[in-house]
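Student: what's the 3D shape of this:
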Amino acid sequence: MTSHFEPGHVIANRFCIKQMLAFGGMGSVYEVEDITVGRAYVVKTLHGELAGDQELRRQMQQEARVLGRIDHVNVVRVFTAGVTDDEQKLPYLVMEKLEGASLRQILRAGGRIPVRAAVRAVVDLLHALDHVHEIGIVHCDLKPENIFFHADRHGVTPKLLDFGVVRVLPRGEANAKLGGTLRYASPEQIKGEGVGPRSDVYSMALVLYEMLAGVSPFHDATGTSAIARAQLARTPAPIAGLAPGLMRLIQRALAKDPAARPRDAFAFARELKDVERTLEGPPEIDAKLLEARAKCDEPTRVKEQDADATVREMTTIVSDGDLETKFYATFPSA
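Tutor: Okay, here's the model as predicted:
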């Protein structure tokens with residue numbers, strides 16, 4: 001069974017594959033041309049060998065439905081979705097084509113982001129999250145790989161990607177299957193408690209910390225159990241040279257108790273905006289940094305790992321050149 005499409009292959013008699021852009025553990029991303037109008041898009045599909053996995057198919061379908069409900073400049077747009085018309089019957093999404101780099105690529109190329117530019121970008125992303133939360137969706141997988149900086153003639157715009165493991169509220173199932181990336185998961189995700197907007201606030205604060213420090217707050221924790229323990233119990237170290245008020249706000253957003261964090265994404269954005277007014281430096285990420293982003297070889301998939309008692313169905317993959325730990329854990333309802 002073919003694991004990917006070659007250039008020239010046409011999906012749904014409409015989308016002609018131009019080149020592969022990314023290859024991850026579960027799917028591939030391609031640049032395509034809509035041959036009916038000559039416009040460039042991006043198509044995301046599952047790997048052929050995973051076509052029979054009903055859970056992954058459900059995630060792709062959910063991502064299409066979720067993104068179809070969202071209309072915000074800081075969220076990637078999905079135009080249509082479907083199933084390929086070949087024997088593999090792979091689900092696919094057709095999304096806007098972005099030019100630039102993921103936050104992970106930028107961090108790898110430059111180490112850290114200028115303070116004011118980082119704060120401004122996170123404010124914009126928090127406004128997008130607030131919009132998402134208002135329609136009853138929690139992202140649950142915020143991380144540098146899922147944030148993209150799109151550069152066009154209007155400037156550089158941060159955008160949220162990958163809504164494949166979102167949580168749709170209110171919680172109604174007898175068992176909640178939560179997903180995410182362990183290094184960026186909130187304590188309540190790891191413990192199997194109810195997630196909400198403050199869970200995304202926590203994850204976005206982890207991302208902001210990494211943008212400013214160049215490393216995640218618990219980067220020294222390795223292995224499933226150590227990462228989980230750090231998220232549940234450790235306090236992030238202060239970032240050297242960072243304004244005390246900004247550091248206090250980040251630490252509050254990283255509180256283990258959701259009630260101690262800013263009440264929602266909008267509140268966190270408002271407080272960050274107040275801090276930004278006191279900062280100096282460029283308000284945007286320099287487009288030249290996007291051009292200088294690090295290049296990586298085609299990612300490969302590595303062997304699945306066993307999980308511990310806290311996090312089940314653990315999968316470790318190489319995504320965009322980085323080893324990341326993903327989890328999908330089934331917990332009893334509260």
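Student: alpha carbons only for contacts and neighbour counts from here, please
Tutor: Noted.
Student: can I get the CA coordinates of the host helix or strand of residue 231 in CSV?
Tutor: Assigned by DSSP states H and E, residue 231 falls within helix 224-233. Extracted in CSV, the C-alpha atoms of helix 224-233 (Å, rounded to 0.1, in the frame of the first residue of the first chain):
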residue,chain,number,x,y,z
THR,A,224,7.2,9.9,30.3
SER,A,225,7.1,9.8,34.1
ALA,A,226,9.7,12.6,34.6
ILE,A,227,7.8,14.9,32.2
ALA,A,228,4.5,14.2,33.8
ARG,A,229,5.9,14.7,37.3
ALA,A,230,7.4,18.1,36.3
GLN,A,231,4.1,19.3,34.9
LEU,A,232,2.3,18.2,38.0
ALA,A,233,4.7,19.5,40.7
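Student: Could you give me the buried positions within the next helix or strand after it?
Tutor: Downstream of helix 224-233, the next assigned helix or strand under DSSP H and E is helix 244-253. Within helix 244-253, the residues scored as buried using 16 or more other C-alpha atoms under 10 Å are 246, 247, 249, 250, 251, 252, 253.
Student: Tell me how far the fifth one lies from residue 209.
Tutor: Same thing as residue 251. Per C-alpha to C-alpha, to the nearest Å, residue 251 is found 9 Å from residue 209.
Student: so what's the nearest residue to residue 120 once chain neighbours are set aside up against?
Tutor: Spatial nearest neighbour of residue 120, excluding adjacent residues (C-alpha to C-alpha, 6 or more residues apart in numbering): residue 283 at 6.4 Å. Going by C-alpha atoms under 8 Å, 6 or more residues apart in numbering, residue 283 touches 116, 117, 120.
Student: just those now: which is nearest residue 222?
Tutor: Comparing the contacts of residue 283 against residue 222 with C-alpha to C-alpha places residue 117 closest, at 29.7 Å.
Student: burial of residue 82, as a residue count?
Tutor: 17 (other C-alpha atoms under 10 Å).
Student: State whether it is indeed within a helix.
Tutor: No: using DSSP: H, G, I helix; E, B strand; the rest coil, the assignment for residue 82 is strand, not a helix.
Student: taking the contacts of residue 283 one by one, which sit in helices?
Tutor: Among the contacts of residue 283, the members falling in helices (DSSP state H) are 116, 117, 120.
Student: Mind giving me the PyMOL command for buried ones among those?
Tutor: Buried residues among these (16+ other C-alpha under 10 Å), as a PyMOL selection:
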select buried, resi 116+117+120
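Student: Dump the ones in helices among the contacts of residue 283 to CSV, plus distance to residue 158.
Tutor: Output for those, formatted as CSV (distance: C-alpha to C-alpha, whole Å):
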residue, distance to residue 158
116, 14
117, 11
120, 10
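Student: Going by distance to residue 101, which of the ones in helices among the contacts of residue 283 wins?
Tutor: Relative to residue 101, the closest of those is residue 117; by C-alpha to C-alpha it sits at 15.3 Å.
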